[in-house]
Each structure stands twice: as structure tokens, then as C-alpha cells.
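Q: Curious how this folds, go ahead:
(one chain, ligands or ions: 2)
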Amino acid sequence: MNMPDEKALRHLNASLNLDSLWIPFTANRQFKAAPRLLVSAKDMYYQTQDGRKVLDGIAGLWAVNAGHCRAPIVEAIQKQAATMDYATGFQMHHPAAFQAAEKLASITPQGMNRVFFTNSGSEAVDTALKIALAYHRLRGEGTRRMLIGRERGYHGVGFGGISVGGMVGNRKTFGNMLGSVDHMRHTHDPVRNSFSRGQPEHGAELADDLERLVQLHDASNIAAVIVEPIAGSTGVLLPPKGYLQRLRSICDKYGILLIFDEVITGFGRTGKAFAAQTFGVTPDMMTCAKALTNAAVPMGGVVVKQGIYDTFMEKGGPDSAIEFYHGYTYSGHPLAAAAACASLDLFKEEKLFERVAELAPYWEEQAHSLKGLPHVIDIRTIGLIVGIELQPMADKPGTRAFEAFLRAYNKNVLIRTTGDTIAMSPPFIIEKAQIDQLFDTVRDVLKTLP
Ligand code: PXG
Ligand code: PLP
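A: Ligands and ions are numbered 1, 2, ... in the order given. Predicted coordinates:
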């Protein structure tokens with residue numbers, strides 16, 4: 001690891017002014033009173049500003065799937081930065097973006113082979129929703145304006161994403177958002193499904209909520225349904241067996257586009273390239289981000305079925321017309337594209353998705369060994385993902401899990417919490433001994449939690 005020496009760290013400590021920066025999704029005042037700063041990273045570990053080596057139990061944030069600062073990715077970015085830093089993507093383009101799209105299309109489900117690049121998952125979601133609206137309009141079904149999301153969904157923080165999203169905290173402050181939106185019920189059913197290993201048995205019928213919304217709004221008004229195959233940010237909620245299949249068939253019956261938001265489930269997290277493949281259900285569009293570049297440079301993307309792309313090409317006006325009035329200054333940015341190419345090559349070369357499938361049974365076993373410890377009310381697992389739900393403290397939701405996060409960090413292990421659920425999702429290069437370290441630390445922490 002390229003570690004700053006102690007003198008440099010002391011200097012950084014003394015000179016760092018925390019005032020100017022407003023940190024995302026963070027209790028800023030609490031953080032600045034006792035900052036947690038990471039200064040370097042290699043493979044499975046971070047180094048903290050106070051000189052500790054911390055095991056990364058969350059792959060950055062569901063993103064650094066091949067581990068940190070991997071040489072082929074670092075070198076690809078360095079080379080691209082020195083060769084061509086930036087070129088506009090509007091009416092011009094550059095080779096690496098085409099190569100990245102081709103590599104991405106080679107691992108997506110059959111028929112999903114056209115890619116629109118963005119710079120984040122949030123932008124990917126907003127882009128997918130806009131593609132859905134424009135697609136129906138081009139086909140002469142311009143009344144299909146309504147977008148359906150799901151309670152407890154997270155689709156980033158753009159106005160589109162929070163509108164179809166179902167996290168109250170992310171929505172309540174921001175007024176009306178998109179007008180024509182409705183939500184299905186979430187699928188979390190702890191009474192029937194707690195401590196399931198993999199997909200829970202009960203709840204396929206919850207997909208019929210879409211049928212109910214079709215009866216209410218009429219199919220002729222509905223453009224698309226967006227769901228995370230596994231809800232990540234709201235606490236690792238797996239789809240009940242048969243649920244996604246049922247959503248698919250209801251969408252087919254009524255001509256509604258099905259969008260899977262694979263921002264965290266993409267790139268091997270469940271043991272196959274995408275959760276769509278793990279669950280055997282092919283959507284019409286998929287959003288991705290995070291591990292697309294192993295998180296080394298921001299990038300997101302929307303992958304669509306060829307028929308959707310072809311509709312824009314066939315009905316989007318003469319060849320000289322811009323078929324889709326949408327794009328970001330940095331869509332397909334050269335550094336991001338180079339990082340994506342190198343990441344996708346590395347995943348393949350090291351067979352990292354297969355490694356997830358191999359490690360998953362061990363991971364599941366270790367995770368479920370926490371059953372019976374204080375406060376643990378549910379454990380949910382698949383691939384290299386675990387959600388450990390804790391009984392909330394009376395009148396203080398989220399406090400118990402956050403305390404677990406702080407204590408684990410002091411024991412040199414980085415975990416993530418959302419509400420009262422601990423979520424872990426390590427890089428795929430994790431070794432069994434490191435899996436043990438993760439769960440042993442969480443076990444120790446749980447035993448002493450208030
Ligand atoms: N969709 C999904 C399903 C996500 O998980 C986004 C969209 C937005 O991506 P960007 O790149 O705009 O952040 C995400 C992001 C957590 C956590 O704690 C997860 C995310 C973001 C923040 C926290 O699980 N995922
Ligand atoms: N705001 C202004 C004034 C702009 O000119 C642009 C892009 O040109 C944007 C916002 C959007 O920025 P981006 O393309 O990076 O999303």
C-alpha cells in the first residue's frame with residue numbers, strides 16, 4: 001500500500017480545515033467533531049488518517065468489486081489521462097467509450113445490448129425513465145407517462161429517482177417531485193420470511209400490486225415500472241421466489257417497460273454478472289454504475305434491449321436528427337471509459353463473479369451464525385451480500401446500528417448501516433480468513449451493544 005508516512009499524516013492532521021466542505025448523507029456536525037478520514041487503499045484495506053489499517057467490508061459502497069487500487073485499472077486511467085483527458089461526446093466521440101459499451105453489452109442478458117453512459121447511478125435512473133417516456137411517445141403511445149416505483153426503493157437522488165423511490169427521508173423534504181408516479185408495496189415480510197437464506201419463500205403475490213395499479217390508472221397511461229432486483233439501501237430486501245417473474249409477466253401483459261436498477265446488484269455481486277441473470281428474469285432496461293469502473297472514476301449506464309434503441313433509430317426522424325435529446329457533458333468520459341474497460345477485463349481475467357458464487361455458501365454460513373446474538377431480528381443473504389437487522393432502540397431508530405458501525409470501525413472493520421440494518425458487501429477478492437474477521441468483529445460488537 002502506498003501509505004503516507006507518519007510525519008505527513010501529522011502534518012495533514014494539523015493543517016486540514018474541515019469547514020468548507022458539506023459532506024453527503026452525513027451528520028456533518030457530528031462528523032466534524034470526530035472525523036473519520038481514509039487516506040489510502042489497497043486491495044481489501046484502507047489506511048485511516050490515524051494510521052490504522054481497516055478491512056473494507058463494503059467494497060467502498062457496493063462498488064470496489066475487484067478491490068482497491070488494482071494495478072491494471074490504475075494504469076489504464078493514468079494512460080488515458082496522459083493521452084486524451086477529455087473530448088466532447090456530443091456529435092463527436094472517442095474509441096474507449098465504444099469499447100466499454102461493447103464489453104458491458106457482452107455480459108448483460110441476451111438481447112440487452114445498447115448502452116447509454118452517464119456519470120452516476122442517479123443519472124442512469126433519470127436517463128432510463130426519460131428513455132421510457134420517449135420510447136412510448138415515438139411508438140404513438142404518448143399517453144404512457146406514468147412511472148411506477150416501489151416502497152422502500154432507492155433510485156438515487158435526482159428528481160426522477162426520488163419520485164419513483166420509496167425512502168421517506170429522501171422524499172419528504174422536496175415537495176411534489178414528478179407528477180405522474182405511483183408505488184407498489186415493498187416486499188419485506190419479516191413475520192413470514194425472517195432468517196431466509198437466499199430468496200424468501202413468501203410474497204410472490206405482492207407483484208399483483210402492479211395489477212392493482214393497472215386497474216386504477218389504466219395500462220394506456222403507464223410507461224414503466226422500476227425496481228431494484230434486491231433493495232440495497234433500504235436494508236437488503238431480497239425478492240420473494242417468483243416475484244420478479246410475476247412482475248415480468250404483468251408488464252408483458254400490459255406493454256409496460258420493466259426497468260431493473262442494478263446499481264448495486266450489477267457486476268457479480270450475486271454470483272452472476274447481473275441479478276437479472278441470477279434470478280432468471282430479463283428486464284427491458286437496466287441501470288448500472290458503481291462497479292462498472294470498480295468505482296475508480298464515476299460512471300453509470302443504461303443498458304436497453306435492442307428493440308428500444310431501434311425504435312429511436314427508426315422513428316426518431318431523418319438520419320440527420322438527434323433521436324434522443326439527452327446527455328451529459330461527461331457521458332462516456334475518456335477516463336471513466338478506460339477504467340470501465342480495464343475493470344471489465346479484470347473481472348473476467350480473475351473470474352471474480354465465479355469467485356462470488358464459490359464464496360457465497362461460506363459467507364451465508366458465517367452470516368447466519370450470528371442468529372441468536374443480542375438484538376438480531378433478521379439475517380438476509382445472497383452472493384456476497386448480508387443484511388443483519390437489529391431491534392431498534394425505543395424512540396431512537398437507527399441509533400443501535402450506527403453505534404455498531406462506530407464500534408466496528410474502532411476495531412478496524414468498515415461496515416455500513418441503514419436504519420437498524422447492518423449491511424456488508426465486500427470486494428470479491430476477500431479471503432475466508434477476512435470473512436471470518438468481518439463476522440467475528442460484528443459478533444463482538446453485537447455482544448457489547450447497548
Ligand atoms: N440506484 C440504486 C439501486 C443505488 O443503490 C443509486 C441508484 C444511485 O447511484 P449514485 O451513483 O447516484 O449514488 C444507488 C446508490 C447504501 C447506499 O448505503 C447505496 C447507494 C448510495 C448511497 C448509499 O446502501 N446506492
Ligand atoms: N448547467 C449549465 C449552465 C450547463 O451549461 C450544463 C452543461 O453544459 C449543465 C448544467 C449540465 O452539466 P452536465 O452536462 O455535466 O450534467
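
Q: Thr293 and ligand 1, how far apart?
A: Per C-beta to the nearest ligand atom, to the nearest Å, Thr293 is found 11 Å from ligand 1. Just so you know, the C-beta spots here come from the backbone N, C-alpha and C atoms, and that holds for glycine as well.

Q: Please apply the same query to Pro239.
A: Using C-beta to the nearest ligand atom, Pro239 is found at 13 Å from ligand 1.

Q: ditto for Ala82
A: For Ala82, the distance to ligand 1 equals 27 Å [C-beta to the nearest ligand atom].

Q: Which strands or helices does the helix or strand containing Leu210 pack on?
A: Taking DSSP states H and E as the criterion, Leu210 maps to helix 208-217. Helix 208-217 is packed against strand 146-150, strand 181-184, strand 222-227, helix 243-254, with contacts defined by 3 or more C-beta pairs under 8 Å, 6 or more residues apart in numbering; DSSP states H and E.

Q: and that helix, how far out from the chain's middle?
A: Centroid separation for helix 208-217 versus its chain: 27 Å, with C-alpha atoms, centre = their mean, to the nearest Å.

Q: Turn the helices and strands packed on helix 208-217 into TSV, including distance to ligand 2.
A: Converted to TSV, the helices and strands packed on helix 208-217 look like this (distance: least, C-beta to the nearest ligand atom, whole Å):
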stretch	distance to ligand 2
strand 146-150	21
strand 181-184	23
strand 222-227	21
helix 243-254	30
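
Q: For Ala81, which of those is the nearest?
A: strand 222-227 (34.5 Å; C-beta to C-beta).

Q: For Gln47, which three-state class applies?
A: When classified by DSSP: H, G, I helix; E, B strand; the rest coil, Gln47 comes out as strand.

Q: Could you give the number of residues near the closest residue to it other than its chain neighbours?
A: Take Gln47 and drop its neighbours on the chain: the residue closest to it by C-beta to C-beta, 6 or more residues apart in numbering is Ser40, 4.6 Å away. Applying other C-beta atoms under 10 Å, we find 16 residues neighbouring Ser40.

Q: Which helix or strand contains Ser40?
A: strand 38-42.

Q: Take that strand, keep the C-alpha atoms, and write them as PDB.
A: This file holds the C-alpha atoms of strand 38-42, laid out as PDB (Å, rounded to 0.1, in the frame of the first residue of the first chain):
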ATOM      1  CA  LEU A  38      -9.400   7.500   4.900                       C
ATOM      2  CA  VAL A  39      -6.200   8.400   3.200                       C
ATOM      3  CA  SER A  40      -5.100   5.400   1.100                       C
ATOM      4  CA  ALA A  41      -6.300   2.000   0.000                       C
ATOM      5  CA  LYS A  42      -5.000  -1.300  -1.500                       C
END
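
Q: how much space between the residue nearest to Gln47 and ligand 2?
A: Relative to ligand 2, Ser40 is positioned 29 Å away (C-beta to the nearest ligand atom).

Q: That residue is in contact with Tyr46, isn't it?
A: Yes - the criterion here is C-beta atoms under 8 Å, and Ser40 meets it with Tyr46 at 7.2 Å.

Q: For ligand 1, which of the helices and strands packed on helix 208-217 is the nearest?
A: Of all the helices and strands packed on helix 208-217, it is strand 222-227 that lies closest to ligand 1, at 9.3 Å by C-beta to the nearest ligand atom.

Q: just checking, what packs against the closest one?
A: Where contact means 3+ C-beta pairs under 8 Å, 6+ apart, strand 222-227 is packed against helix 121-138, strand 146-150, helix 208-217, helix 243-254, strand 257-261.

Q: will you turn those into CSV that also has distance to Leu346?
A: Conversion of the helices and strands packed on strand 222-227 to CSV gives the following (distance: least, C-beta to C-beta, whole Å):
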stretch, distance to Leu346
helix 121-138, 21
strand 146-150, 33
helix 208-217, 38
helix 243-254, 29
strand 257-261, 24
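
Q: Check the offset of stretch 90-100 from the chain's centre.
A: With C-alpha atoms, centre = their mean, you get 25 Å for stretch 90-100.

Q: If you could redo that for stretch 88-101, that was the one I meant.
A: That offset, for stretch 88-101, works out to 24 Å (C-alpha atoms, centre = their mean).

Q: so how far does that stretch reach from one end to the other?
A: One end of stretch 88-101 to the other measures 17 Å (C-alpha to C-alpha, to the nearest Å).

Q: Kindly provide the distance from His94 to ligand 1.
A: From His94 to ligand 1 the distance is 23 Å (C-beta to the nearest ligand atom).

Q: residues touching the closest residue to that residue other than its chain neighbours, list them.
A: Nearest residue to His94, sequence neighbours excluded (C-beta to C-beta, 6+ apart): Ala87, at 5.0 Å. For Ala87, the contact set (C-beta atoms under 8 Å, 6 or more residues apart in numbering) comprises His93, His94, Pro334.

Q: can you do 10 Å?
A: Ala87 sits next to His93, His94, Ala97, Gly332, His333, Pro334 when contact means C-beta atoms under 10 Å, 6 or more residues apart in numbering.

Q: Kindly supply the ChimeraX command isolating those of those that are buried.
A: Per 16 or more other C-beta atoms under 10 Å, the buried members of the contacts of Ala87 correspond to this ChimeraX selection:
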select :94,97,332,333,334
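
Q: can you pull out the helices in the stretch 301-450 of the chain?
A: 306-315, 334-349, 352-368, 399-410, 432-448 (DSSP state H, counting those that start in this stretch).

Q: Pretty sure Phe439 sits against Trp363.
A: Yes - between Phe439 and Trp363 there is a contact at 8.9 Å, judged by C-beta atoms under 10 Å.

Q: for ligand 1, what are the nearby residues on the stretch 101-250 of the chain?
A: Contact residues (C-beta under 6 Å from any ligand atom) of the stretch 101-250 of the chain with ligand 1: Ser120, Gly121, Ser122, Val125, Tyr154, His155, Gly156, Glu228, Gly232, Ser233.

Q: Please pick the buried ones from these.
A: The buried subset of these (16+ other C-beta under 10 Å) comprises Ser120, Gly121, Ser122, Val125, Tyr154, His155, Gly156, Glu228, Gly232, Ser233.

Q: Which of those residues sits closest to Phe324?
A: Val125 (16.0 Å).

Q: Tell me who's in contact with the closest one.
A: 118, 149, 154-158, 160-165, 226, 259, 261, 263, 287, 289, 300, 302.

Q: Write out the residues of the stretch 251-400 of the chain neighbouring ligand 1.
A: Asp261, Val263, Ile264, Ala289.

Q: Give me the pLDDT for the residue nearest to Phe117 when sequence neighbours are not counted.
A: Counting by C-beta to C-beta, 6+ apart, Phe117 lies nearest to Gly332, which is 4.2 Å off, once chain neighbours are set aside. At Gly332, the pLDDT value in this model is 98.

Q: Understood, closing this out.
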